[in-house]
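K.L.:
return a 3D structure for these sequence lines:
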Amino acid sequence: MSEPERTKEPDAMLSEVGRLLAERRFDPARDLCLAALQSFPDHADVFLRLAQVETQAGKAQAALEALTSAARAAPARVEVQVAMGDGLLAVRRFTEAADCYRGALRLEADRGALLGRLAVALQEAGSLEEAVNSYREAITLSPHDPLLHYNLGTALKRLHRFDDALEAYSEACRLAPEDAELELCLANFLVETSRFDEAVKRLERVVAARPESLLALSQLSYAHKKLANGQASVDAARRLVDVTGGTLPALMALSSALLTLGDAEGALSVCEQGLARAPASRQLLSDKAIALSALGRKEEAGHLVDFGRLLMVSEIDTPEGFETIDEFNAALLDHIRTHPSLDFSGISLSCHHGATSDELLVEPKGPVGLLENAINQAAAAYVARQANRSDHPWAAYLPHPERFELSAWATLLRSQGYQHGHIHPSAWLSGVYYVHLPSVVGADDGDQSGWIEFGRAPFFYACQDQHAILPVKPREGMIALFPSYFYHRTIPFESTEERITVAFDFRLPVAASG
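P.N.:
Model (predicted):
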């Protein structure tokens, strides 16, 4: 059989596969492809169609196997290289996907269509500067594509080039003025970077277009709260309660907004309403303590935020293999600075003049694994200490340590760096381990620069404490554990040295957290 006849014969089969795909009949479509490969085992188009079947059936790995065969059969075909890149992108093999897109570009493919794909792969692989360059080149070829501008903004955001990111996001919204989703993404970015006035304007536009957008209403209430616009925050939160029928997140937004307004009685009533359904809600327990304190009910607030019983501070034992805790901390610090998978480019809503890493408990763990053991031991001792506390609404529901998942991240603060008061409402138990402290933090001169402080309510709340304010002097090698609803902050310091800590949360797995 001649080559033209061989390449022509599968066409009818491929057309039939297309019809079956349109009807979402994946099994017969797959069977037809496999039958075609019995007669035409090296036919790239059949492998491409099989990959299409597997992709639409949700089987990304099987699709990649078919694409790999297509690439072996026709390595110099642009569409094969592009499809292979897409398949690798789908299974998160970003560097290899980028290589495939580069190969397609070398084959003189349509650069405008491919540069955006290449940029996405580079961005996900962590090659952010290269991604930005690819996005910019793609934009010169397709300047009116809002998605390219949006993706450029995302890469610039991860590089902490926030002004440039804002310009890119704004251009995406200008090009697609009716796209409420893009507008909401820009508004979220404005909230993340504390541009609350502009965020409010954008969010109002989103809410006008989508009156029942839960995220927009929640963010609108939050942005007004950060601006200390108590009544506007309450108005948005009440709309959120109405739209949701009074879900717990909506009640949390309302209690917080009422505290901003200075309505402690109203906030306490909302907290009690929510706590009747979720007695250990960390957000609501935190807000309740502030409301009680504002109402002068200090004893009740102190029962909720009981520093003496619920804050545990101790030193960790020197891990095995190290002579001193200083030696261990030096190894830990080197690991944090040089880990190939750690990235400090994300936005931290609480961190100023510093940066936080992504997840620290990733391989290779090195000395972090030893710290993980120490944290788990401290948490087990902590939970045991809270046993039989049926009189306390948080301790009474505190899960067994074996049910927890541990998440940890590094925080680097530079001169005048601090973390403003915040809580971790999605966690149960939180903590911090002190790796390296500037000398000014340990100085015995009465100054509390660089200390950790508990109990201070955020500036936008009319009441400024959860019942009392407790500053704690940190020490290298010290670990502190506390309920995740305790407000805590870092007092600013001035030094050329960095303040380096490992913060952590114990959370329930999502399926078990309710």
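K.L.:
in terms of helices and strands, where is Glu299?
P.N.:
helix 298-304 (DSSP states H and E).
K.L.:
what part of the protein, helix or strand, is modelled with the least confidence?
P.N.:
Every helix and strand of the chain was ranked by mean pLDDT, DSSP states H and E. The lowest is helix 3-8, at a mean of 41.
K.L.:
show me what secondary structure element comes after it.
P.N.:
Where DSSP H and E defines the elements, the next helix or strand beyond helix 3-8 is helix 10-22.
K.L.:
ok so, going back, next, the buried residues of the helix holding Glu299.
P.N.:
Neighbour counts over helix 298-304 (16 or more other C-beta atoms under 10 Å) mark 301-304 as buried. All C-beta atoms are positioned from the backbone trio N, CA, C, and that covers glycine.
K.L.:
name the helices or strands packed onto it?
P.N.:
With contacts defined as 3 or more C-beta pairs under 8 Å, 6 or more residues apart in numbering; DSSP states H and E, helix 298-304 has these neighbours: helix 282-294, strand 465-472.
K.L.:
go again with 10 Å.
P.N.:
In terms of contacts (3 or more C-beta pairs under 10 Å, 6 or more residues apart in numbering; DSSP states H and E), helix 298-304 is packed against helix 282-294, helix 307-310, strand 465-472.
K.L.:
which one of these has the most crowded surroundings?
P.N.:
Among these, the stretch with the highest mean neighbour count (mean count of other C-beta atoms under 10 Å) is helix 282-294, at a mean of 26.
K.L.:
centre of the chain to it, how far?
P.N.:
The chain centre lies 26 Å from the centre of helix 282-294; the measure is C-alpha atoms, centre = their mean, to the nearest Å.
K.L.:
contacts for the helix holding Glu299 next, please.
P.N.:
With C-beta atoms under 10 Å, 6 or more residues apart in numbering as the test, helix 298-304 has contacts from 285-286, 288-295, 297, 308-310, 391-394, 455, 463, 465-468, 483, 485-486.
K.L.:
coming back round to it: just the closest of the buried residues of helix 298-304 to Ala172, please.
P.N.:
Proximity of the buried residues of helix 298-304 to Ala172 (C-beta to C-beta) peaks at Leu304, which lies at 44.7 Å.
K.L.:
what about the closest one, distance to Gln464?
P.N.:
In this view, Leu304 and Gln464 are 16 Å apart by C-beta to C-beta, to the nearest Å.
K.L.:
before we move on, what about Tyr150?
P.N.:
Taken as C-beta to C-beta, the span from Tyr150 to Gln464 is 39 Å.
K.L.:
nearest to Pro211, of the helices and strands packed on helix 298-304?
P.N.:
Closest among the helices and strands packed on helix 298-304, once you apply C-beta to C-beta, is helix 282-294, at 24.9 Å.
K.L.:
so for the helix or strand where Glu130 lies, what gets flagged as buried?
P.N.:
Per DSSP H and E: Glu130 is located in helix 128-141. Within helix 128-141, the residues that qualify as buried are 128, 130-135, 138-139, counting by 16+ other C-beta under 10 Å.
K.L.:
how about stretch 237-254?
P.N.:
By neighbour count on 16+ other C-beta under 10 Å, the buried set for stretch 237-254 is 237-241, 244, 248-254.
K.L.:
I'd say Tyr150 and Arg174 touch.
P.N.:
No: when contacts are counted by C-beta atoms under 10 Å, Tyr150 is not listed as touching Arg174 (11.3 Å).
K.L.:
overlap in contacts, those two.
P.N.:
Common neighbours of Tyr150 and Arg174 (criterion: C-beta under 10 Å, 6+ apart): Leu182.
K.L.:
next one, pLDDT for Arg414 please.
P.N.:
Per-residue pLDDT puts Arg414 at 69.
K.L.:
and if you look at Ala57?
P.N.:
Here, the pLDDT recorded for Ala57 equals 93.
K.L.:
wouldn't it be in contact with Arg24 here?
P.N.:
Yes: between Ala57 and Arg24 a contact is recorded at 8.7 Å, counting by C-beta under 10 Å.
K.L.:
for the helices and strands packed on helix 298-304, give me JSON lines that also has distance to Ala427 and mean pLDDT.
P.N.:
Converted to JSON lines, the helices and strands packed on helix 298-304 look like this (distance: least, C-beta to C-beta, whole Å; pLDDT from 0 to 100):
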{"stretch": "helix 282-294", "distance to Ala427": "7", "mean pLDDT": "98"}
{"stretch": "helix 307-310", "distance to Ala427": "14", "mean pLDDT": "96"}
{"stretch": "strand 465-472", "distance to Ala427": "17", "mean pLDDT": "95"}
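K.L.:
relative to Arg202, which of these is closest?
P.N.:
Going by C-beta to C-beta, the one of these nearest Arg202 is helix 282-294, 25.0 Å.
K.L.:
name the element Leu203 belongs to?
P.N.:
Counting by DSSP H and E, the element that carries Leu203 is helix 196-209.
K.L.:
which residues are in contact with Leu122?
P.N.:
94-95, 97-98, 101-102, 128-135, 155.
K.L.:
hmm, Ala216 is touching Val200, no?
P.N.:
No: look at Ala216 against Val200 with C-beta under 10 Å: they stay out of range, at 11.0 Å.
K.L.:
what is in contact with those two at once?
P.N.:
Both Ala216 and Val200 are in contact with 187, 236, where contact means C-beta under 10 Å, 6+ apart.
K.L.:
which of these two has more residues huddled nearby?
P.N.:
Ala216 (27 against 22; other C-beta atoms under 10 Å).
K.L.:
can you tell me the SS state at the more buried one?
P.N.:
What DSSP: H, G, I helix; E, B strand; the rest coil gives for Ala216 is helix.
K.L.:
from Ser255, how far off is it?
P.N.:
Plainly put, Ala216 is 20 Å away from Ser255 if you go by C-beta to C-beta.
K.L.:
can you check Leu275 too?
P.N.:
For Leu275, the distance to Ser255 (C-beta to C-beta) stands at 10 Å.
K.L.:
with His160 instead?
P.N.:
For His160 relative to Ser255 (C-beta to C-beta), the value is 33 Å.
K.L.:
same question for Cys271.
P.N.:
Distance, Cys271 to Ser255, by C-beta to C-beta: 5 Å.
K.L.:
name the residues contacting each of the two.
P.N.:
Among the neighbours of Cys271, those also in contact with Ser255 (C-beta under 10 Å, 6+ apart) are 281, 283-284, 286-288, 290-291.
K.L.:
domain parsing for the protein?
P.N.:
Annotated domains of the chain cover 3-172, 183-305, 310-512 [automatic domain parsing].
K.L.:
any idea which of those is most buried?
P.N.:
Sorting the domains of the chain by mean neighbours (by mean count of other C-beta under 10 Å), the first place falls to domain 183-305, with a mean of 21.
K.L.:
ok, back up a step: looking at the shared contacts of Cys271 and Ser255, spot the one nearest Ala73.
P.N.:
Nearest to Ala73 among the shared contacts of Cys271 and Ser255, with distances taken as C-beta to C-beta, is Gln283, at 56.8 Å.
K.L.:
who are the contact partners of that closest one?
P.N.:
Here Gln283 is in contact with 248-249, 251-253, 255-256, 271, 274, 423-426, 484-485 (C-beta under 10 Å, 6+ apart).
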